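1. One predicted model, sequence on top.
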Amino acid sequence: MAENGALLRVENLVKSFDGLRAVNNCTLEVRKGCLTGLIGPNGAGKTTLFNLITGFLKPTSGRIHFNGERIDGLPPHLTFRKGIVRTFQVPRELKSMTVLENLMLVPSDQAGERIWNPWLFGFRVSRQERQIYDKALQILEFVDLQHLRDEYASSLSSGQKKLLELARTLMCDPQLILLDEPGAGVNPALMKRLVERLELLCHELGITFFVIEHDMDLITRLCNPVIVMSNGEVIAEGSPEEIKGDERVLEAYLGGQYLAGT
Ligand SMILES: Nc1ncnc2c1ncn2[C@@H]1O[C@H](COP(=O)(O)OP(=O)(O)OP(=O)(O)O)[C@@H](O)[C@H]1O
Ligand SMILES: [Mg+2]
């Protein structure tokens, strides 16, 4: 772990797109075992920050430490191996696969993935596949999608797709899960389920979460601390109550209308 109990530490991070600084000198920390929120107006740079942390984009400059180790510039499959997984703002389910298959195909260093393995080590592979199958079923039950296991992923509602994305992240025993707008398109009943599940994963299993969300109600219930970005910069950090009363935050959100009713 890095200093101060930070699992993830971002230092002076910059990402420029043709002169536009989508992420502009960001410094922040995500503490181990916390649900940290990330909010900010559209275009603030939140998703870009997630893309930098997970290696989908390379930073223009700056550093990212995970567990005290430099990870900036590592490609996604290596940040994944270190224990960082993410969901996407627009779910990327494997549409022509069933819900169960979507989970079973999450990449890992499984024996049996290489096509020659089944010939040579048939017994070991079938036992391992059985374990993956059992794990997938347990996770589907955990997110309440078990009744849809044989449905095509494309047929799920947008809220169910968000839960499927969460379920996929759990297949690989992650340390840090980055959720990009998990509440978008999720109905209130599913939302309640989602909040309960995330709290359980964090408090019981010790998984750390970094959550982008526009729904202030969800952020308030779930996250502490909350980090606020605007125009690529971190402009505030604190408890949900603190940031709701922070003038810079209210200004960033069009004179406060966005947060006013929450
Ligand atoms: N690949 C890219 N090429 C060029 N510009 C980009 C690229 N990705 C993002 N941007 C720009 O960077 C800025 C930040 O975008 P980003 O998607 O990170 O914002 P966001 O905070 O996630 O917004 P939202 O809440 O709408 O999802 C925006 O101005 C966006 O147009
Ligand atoms: Mg975004």
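-> Received it, and whenever you're ready, just let me know what you need. Ligands and ions are numbered 1, 2, ... in the order given.
2. mean confidence score for stretch 50-65?
-> The average pLDDT within stretch 50-65 is 97.
3. List the buried residues for that stretch?
-> Within stretch 50-65, the residues that count as buried by 16 or more other C-beta atoms under 10 Å are 50-55, 57, 59, 62, 64-65. No exception for glycine: its C-beta is placed from N, CA and C like everyone else's.
4. And the contacts of it?
-> 2, 6, 8-16, 23, 25-26, 48, 70-76, 78-80, 84, 86, 178, 180, 210, 212 (C-beta atoms under 8 Å, 6 or more residues apart in numbering).
5. pull the CA atoms of that stretch into PDB?
-> Extracted as PDB, the C-alpha positions of stretch 50-65 are listed here (Å, rounded to 0.1, in the frame of the first residue of the first chain):
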ATOM      1  CA  PHE A  50     -10.900   6.000 -15.400                       C
ATOM      2  CA  ASN A  51      -9.500   5.300 -18.800                       C
ATOM      3  CA  LEU A  52      -6.100   6.500 -17.600                       C
ATOM      4  CA  ILE A  53      -6.200   4.400 -14.400                       C
ATOM      5  CA  THR A  54      -7.200   1.200 -16.300                       C
ATOM      6  CA  GLY A  55      -4.700   1.700 -19.100                       C
ATOM      7  CA  PHE A  56      -7.300   2.300 -21.900                       C
ATOM      8  CA  LEU A  57      -5.500   5.700 -22.400                       C
ATOM      9  CA  LYS A  58      -1.900   6.700 -21.800                       C
ATOM     10  CA  PRO A  59      -1.400   9.800 -19.700                       C
ATOM     11  CA  THR A  60       0.300  12.800 -21.300                       C
ATOM     12  CA  SER A  61       2.100  13.300 -17.900                       C
ATOM     13  CA  GLY A  62       1.800  12.400 -14.300                       C
ATOM     14  CA  ARG A  63       1.900   9.300 -12.200                       C
ATOM     15  CA  ILE A  64      -0.500   6.600 -11.000                       C
ATOM     16  CA  HIS A  65       0.400   4.300  -8.100                       C
END
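6. Thank you kindly, that will do.
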